[in-house]
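**Student:** Everything below, folded, please.
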Amino acid sequence: MEIRLAKLKDLEQVVFILNEATLELQQKGIHQWEYPWDRNKIQNQIKNNYSYVLLKHNKIIGTFCINDINYINDLTVDEESKYLSQIAILPKFQGRNVGSAITDFTCSFVKGLNQTLYLDCWAGNEKLKEFYLRNGLEYIGDFPEEDYFISVFKYSCISSSK
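**Tutor:** Below is the predicted model:
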């Protein structure tokens, strides 16, 4: 598998993957994302170098974003932190360690920057919460967001010499 920054030529495939993953979540009763995704929003994420793609045999099978963050809802985060979001994998590739490849990549990325990584998910998604814990992320807590709760996780590699 290969992970790289998304390019504008990847836009349609990224939007397709996000929409497919969203429909799959909604079928499971998880309404964390709105369908369909805003193409302009995704295009801006790609232009700002926040959007990444995961490839298998030169085909895009997943996508995610990494961007700077100062807070999540009312939770203040460590200075110079990154936020991992919009992790979406084509349903037929789920359960094949693709998610672990994404979290490993992102944790290594922030470690190289000597920063902290945050991510969240719908608090009712027990399977995903267990996945994050198994992949070395620290559970911070559950926080209200609109009409539901999110569970926030953190990966910190800040050295004390910074």
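**Student:** beta partners of Phe143?
**Tutor:** Taking DSSP bridges as the rule, Phe143 bridges to Ile150.
**Student:** tell me the contacts of it?
**Tutor:** Neighbouring residues of Phe143 by CB atoms under 8 Å, 6 or more residues apart in numbering: Ile72, Asn73, Asp74, Leu75, Asp120, Phe149, Ile150, Val152. Placement of C-beta: from N, CA and C, glycine included.
**Student:** ok, of these, which one's closest to Leu18?
**Tutor:** Taking CB to CB as the measure, Leu18 lies nearest Asp120 of these, at 16.7 Å.
**Student:** And the closest one, how close does it get to Tyr35?
**Tutor:** Taking CB to CB, to the nearest Å as the measure, Asp120 falls 19 Å from Tyr35.
**Student:** who has more neighbours, these two?
**Tutor:** Asp120 (23 against 13; other CB atoms under 10 Å).
**Student:** does that one count as helix, strand or coil?
**Tutor:** strand (DSSP: H, G, I helix; E, B strand; the rest coil).
**Student:** what bridges to it?
**Tutor:** Beta bridges link Asp120 to Val152, judged by DSSP bridges.
**Student:** Surely it is in contact with Phe153?
**Tutor:** Yes - under the criterion of CB atoms under 8 Å, Asp120 makes contact with Phe153 at 6.8 Å.
**Student:** Could you tell me how many residues sit around Val14?
**Tutor:** Val14 is flanked by 27 other residues according to other CB under 10 Å.
**Student:** For it, give me its contacts.
**Tutor:** Ala6, Ile42, Ile46, Ser51, Val53, Ile60, Thr63.
**Student:** if we can go back for a sec, pull out the buried residues from the contacts of Phe143.
**Tutor:** Ile72, Asp120, Phe149, Ile150, Val152 (16 or more other CB atoms under 10 Å).
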